[in-house]
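>>> A predicted structure for the sequence below; I have some questions about it.
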Amino acid sequence: MLAKVIKRKAPARKSAPQELLDYIDEPDKGRADLLAQGRDSGAADLITYAAREGVAGSGCLNIPGAQTKENAIATLDAIVRRARAKGLDASDPLYHVALNWQPGEQPTNEQAKAAALHTLKALGMQDAAGMYAIHRDTDHHHVHIAVCKYDPQDLRYLGPPKQDFLVLDKAMREVELAQGWAHSPGPYEVQDGRVVRAPKNRPREQNQEASIERVHGVPGIAAYCTPHLDKLCAARSWPDLHRDLGALGLRIEPKHSGYIIAGEGLHGTQAVKASAVHRNLSGKALDARLGSYLPPSPRASARTDTLLDFQKRCAAGIEPTAPENPTARDPAKRLQQRLERERERAALLDRYAEHCRTAPKARRAQMAALKEQHKRERQALFAATSGTRRQRKAEHSAAFGDHIAALLTQSEDTKALAALKAAHGAQITSVKAIYSTNWRQFLEMRARLHDDEAAIAALRGIRYREQRKRSKNSPGFEGEDLQHPGQPGHPAGGIEGADAFSLATAQIEVSRDKSCVIYRDEAGAERVRDAGQRVDVVRSDDDEAMRAALGLVAKRYGNEVFITGDDAYKERAARECAKRGIAVANVELTHIWHEERERKSNKAPDRSSER
């Protein structure tokens, strides 16, 4: 969830409660009716927006008497007038913030109201008078909150506090935890079920500007440089920096007042601002540390294939920095499975290259055909409505009178045109998606229209990679899914069934966004979350859930797992893996694993004398 404070551009209008509450509470249907009567070709979008049914619920906050918008307007107006009469600085007396859920998340009205009340309490404005409204007319369901900054009784200042963006971000993490939503990036993050301040010196690879993924669907230069940031930021001269970047197949060049880092990737030459890769690579930082820019030596040779290889691996759904264990079980079988998948991924990339070559021309032809088809359908609709308008109006007039008959006839025509326009928009969107050269949209098209197993596997890998960025410090297990889709998994050997919570007693449900399977205990508390290539344990101190998670993943991951979480959790999990004969890919845990295996073998009873 993300919270955004909305400030009006015109200061004089900020002080008008009616203007603000009208905006958040109800669509302008009257304006839409006026436009519809004398509609011109440029008004269609405005009519569609104005007449949308986007308000799913609303309510007043600390408003006495009838809980209506008109009462809220009157109350806020009175507070503002009293504040100004008392000489308070009430030029901007209203506070307007919107709480946004992620796409696919659909909170109930009760959850949206609870989120609004929790946010106001976090700001110290729980006594403020105002109103909230829930909107569901976009991909991001959101709730608007508009309150007065002054107490309704004694006019003392209630808030917001200084640096309210930090308070809001922390409140969003708390709501996500309480209601079970996915965690959004921000100044605060969730670790082991607690909301903590994120490190201030975090690299800027998450910056949207630093990733080509928005455009092409694969990580860009910033993500590629992340494992090498320490070396790049430690360069003591321009030749050293050119050498280090050249080893990665990249180059740095001056642009405007700063620098860009460029390289050859999956979609040709790509470049990002150096400061978007890391703040220590900004123009000011580099000039201070290295002096004036020096171009690379003409004799320096730079590799040009490494960024391309990185993006090909990401496009195939392979985690570029995935850990490997040379002592993995059944290496011959694993090698064979990987070779098979590699051939499938290579064929998928060939299909993508052919798609990128032919898609633009096919899209232009399809869009031209659609344009002609839509024109014919609009003309047919106008002819049909014109031919029946007089008869329909006469029927309505006999039943309701002339005035209502005119309104009904007009609304029927408008509704028919809006329905046709919506159908045309859906067709255009579908054609754009089918012929898009975006890698992710290509995969979704192949999966949806052709049931392409390689595309489905690549999509699964992309989602896993995206989640892994957020969950590397969360307790859980990761691995390479070596089972064929639909092949049943079997719990690993161990102590399954002795715990109060186990796979046998768990309640199983699918998450709201249908991206994972949730395992709950008998009391309904979430204990394990299974997303395929990653299984999360909700609490790091929950050994029962850890054992249940290992029962899920051992066979699926080829009896080898990579453990994430804090040091204490990883040590306990490594010892449990050793008891069950599950290999651990974490290099730092190898000695613990072998120590536990040796301890277990020494404790095994000697039964040779009984035979």
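Sure thing, it's come through. Residues are numbered from 1 along each chain as shown.

>>> how near is the residue nearest the centre of the chain to K170?
Centroid-nearest residue in the chain, with Cα atoms, centre = their mean: Q102, separated by 5.9 Å. Between Q102 and K170 the distance is 18 Å, computed by Cβ to Cβ, to the nearest Å. No exception for glycine: its C-beta is placed from N, CA and C like everyone else's.

>>> For A362, grab the count of nearby residues.
Neighbourhood size, A362 [other Cβ atoms under 10 Å]: 13.

>>> so it is in which element?
When elements are assigned from DSSP states H and E, A362 belongs to helix 331-400.

>>> For stretch 87-98, give the mean pLDDT please.
Throughout stretch 87-98, pLDDT has a mean value of 78.

>>> Kindly report the same for stretch 159-166.
Mean pLDDT, stretch 159-166: 88.

>>> Please enumerate residues in contact with that stretch?
By Cβ atoms under 8 Å, 6 or more residues apart in numbering, the surrounding residues in contact with stretch 159-166 are A3, V5, Y95, L123, G124, M125, A128, K149, V167, P187, Y188.

>>> Render the CA-only coordinates of that stretch in CSV, please.
C-alpha atoms of stretch 159-166 as CSV (Å, rounded to 0.1, in the frame of the first residue of the first chain):
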residue,chain,number,x,y,z
GLY,A,159,-1.9,17.7,12.5
PRO,A,160,-0.4,16.5,10.2
PRO,A,161,3.0,16.2,12.0
LYS,A,162,6.3,17.2,10.4
GLN,A,163,7.6,14.6,8.0
ASP,A,164,4.1,13.1,7.7
PHE,A,165,5.3,11.0,4.7
LEU,A,166,7.3,8.8,7.2
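
>>> Please spell out which residues along that stretch are buried.
Applying a neighbour-count criterion of 16 or more other Cβ atoms under 10 Å, one finds G159, P160, D164 buried in stretch 159-166.

>>> Doesn't the second one lie inside a helix?
Which is P160. No: counting by DSSP: H, G, I helix; E, B strand; the rest coil, P160 is not part of a helix but coil.

>>> distance of it from A426?
41 Å.

>>> again with the first one
According to Cβ to Cβ, G159 and A426 sit 44 Å apart.

>>> what's the answer for K393, then?
Between K393 and A426 the distance is 31 Å, computed by Cβ to Cβ.

>>> okay, those two: which has more neighbours?
Remark: of K393 and A426, K393 carries more neighbours, 17 against 10, as counted by other Cβ under 10 Å.

>>> where does E253 land on pLDDT?
89.

>>> meant to ask about E395
If you check E395, the pLDDT there is 87.

>>> Past the helix or strand of the chain with the lowest mean pLDDT, which element shows up next along the chain?
Within the chain, no helix or strand scores below helix 44-50, which has a mean of 36 by mean pLDDT, DSSP states H and E. Once the chain leaves helix 44-50, the next helix or strand it forms, by DSSP H and E, is strand 55-61.

>>> Report the buried residues of whichever helix or strand comes after that following strand.
Remark: after strand 55-61, the chain's next helix or strand is helix 69-85, criterion DSSP H and E. Neighbour-count burial for helix 69-85 flags K69, A72, I73, T75, L76, I79, V80, A83 (criterion: 16+ other Cβ under 10 Å).

>>> Widest-spaced pair of these?
The two members of those with the most space between them (Cβ to Cβ) are K69 and A83, at 21.1 Å.

>>> residue contacts, L232?
Neighbouring residues of L232 by Cβ under 8 Å, 6+ apart: C225, L241, D244, L245, V277, H278, L281.

>>> from these, which single one is nearest H135?
V277 (36.5 Å).

>>> Test my guess that that closest one contacts A222.
Yes: with contact defined as Cβ atoms under 8 Å, V277 reaches A222; the gap is 4.8 Å.

>>> can you count the residues close to L155?
Using other Cβ under 10 Å, the number of residues around L155 comes to 16.

>>> for K579, that is, sorry about that
Using other Cβ under 10 Å as the criterion, K579 is surrounded by 17 other residues.

>>> sec struct for it, please.
What three-state DSSP gives for K579 is helix.

>>> hang on, the earlier thing: reformat the buried residues of helix 69-85 into JSON lines and put pLDDT and distance to G476 next to each item.
JSON lines is the format used below for these (pLDDT from 0 to 100; distance: Cβ to Cβ, whole Å):
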{"residue": "K69", "pLDDT": "69", "distance to G476": "47"}
{"residue": "A72", "pLDDT": "77", "distance to G476": "46"}
{"residue": "I73", "pLDDT": "77", "distance to G476": "50"}
{"residue": "T75", "pLDDT": "82", "distance to G476": "49"}
{"residue": "L76", "pLDDT": "81", "distance to G476": "48"}
{"residue": "I79", "pLDDT": "84", "distance to G476": "50"}
{"residue": "V80", "pLDDT": "81", "distance to G476": "51"}
{"residue": "A83", "pLDDT": "81", "distance to G476": "52"}
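
>>> Out of those, the closest to L381 would be?
Among the buried residues of helix 69-85, and counting by Cβ to Cβ, the member closest to L381 is K69, at 37.0 Å.

>>> Kindly provide the distance from L449 to E354.
L449 is 15 Å from E354, by Cβ to Cβ.

>>> meant to ask about G291, not that
Per Cβ to Cβ, G291 is found 49 Å from E354.

>>> Helices of the stretch 51-200 of the chain, start to end?
Assigned by DSSP state H, counting those that start in this stretch, the helices in the stretch 51-200 of the chain fall at 69-85, 109-123, 164-179.

>>> Could you dump the ones you listed into TSV with distance to S257 added?
What follows is the helices of the stretch 51-200 of the chain, written out as TSV (distance: least, Cβ to Cβ, whole Å):
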stretch	distance to S257
helix 69-85	45
helix 109-123	38
helix 164-179	27
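
>>> and of those, who's closest to V431?
Closest to V431 of the helices of the stretch 51-200 of the chain is helix 109-123 (Cβ to Cβ; 35.0 Å).

>>> Tell me what angle the closest one forms with helix 164-179.
140 degrees (axes from the mean of the first three to the mean of the last three Cα atoms, to 10 degrees).

>>> mind listing what's buried in helix 109-123?
Q111, A112, K113, A114, A115, A116, H118, T119, L120, A122, L123.

>>> Which residue ranges make up the domains of this structure?
By the assignment in automatic domain parsing, the chain contains the domains 2-197, 208-315, 331-450, 472-603.

>>> could the ones you listed go into a markdown table alongside distance to R460?
Shown next, in a markdown table, are these (distance: least, Cβ to Cβ, whole Å):
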| stretch | distance to R460 |
| --- | --- |
| domain 2-197 | 17 |
| domain 208-315 | 13 |
| domain 331-450 | 10 |
| domain 472-603 | 6 |
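
>>> looking at these, which one has the lowest mean pLDDT?
Sorting the domains of the chain by mean pLDDT places domain 2-197 lowest, at a mean of 75.

>>> for it, how far is the first residue from the last?
One end of domain 2-197 sits 16 Å from the other (Cα to Cα, to the nearest Å).

>>> and A523, which of the three is it?
At A523, secondary structure determined by three-state DSSP is coil.

>>> how close does it get to A506?
From A523 across to A506, the span is 12 Å (Cβ to Cβ).

>>> Pick out whichever of these two has more residues nearby.
Using other Cβ under 10 Å, the more surrounded residue of A523 and A506 is A506, with 18 against 8.

>>> quick revisit: next one: the helix holding A362 to chain centre, how far?
26 Å (Cα atoms, centre = their mean, to the nearest Å).

>>> swap in stretch 276-287?
28 Å.

>>> List the buried residues in that stretch.
When neighbours are counted by 16+ other Cβ under 10 Å, the buried residues of stretch 276-287 are found to be A276, V277, H278, N280, L281, S282, G283, A285, L286.

>>> try stretch 183-198
For stretch 183-198, the neighbour count (16+ other Cβ under 10 Å) marks H183, S184, G186, Y188, E189, V190, D192, V195 as buried.
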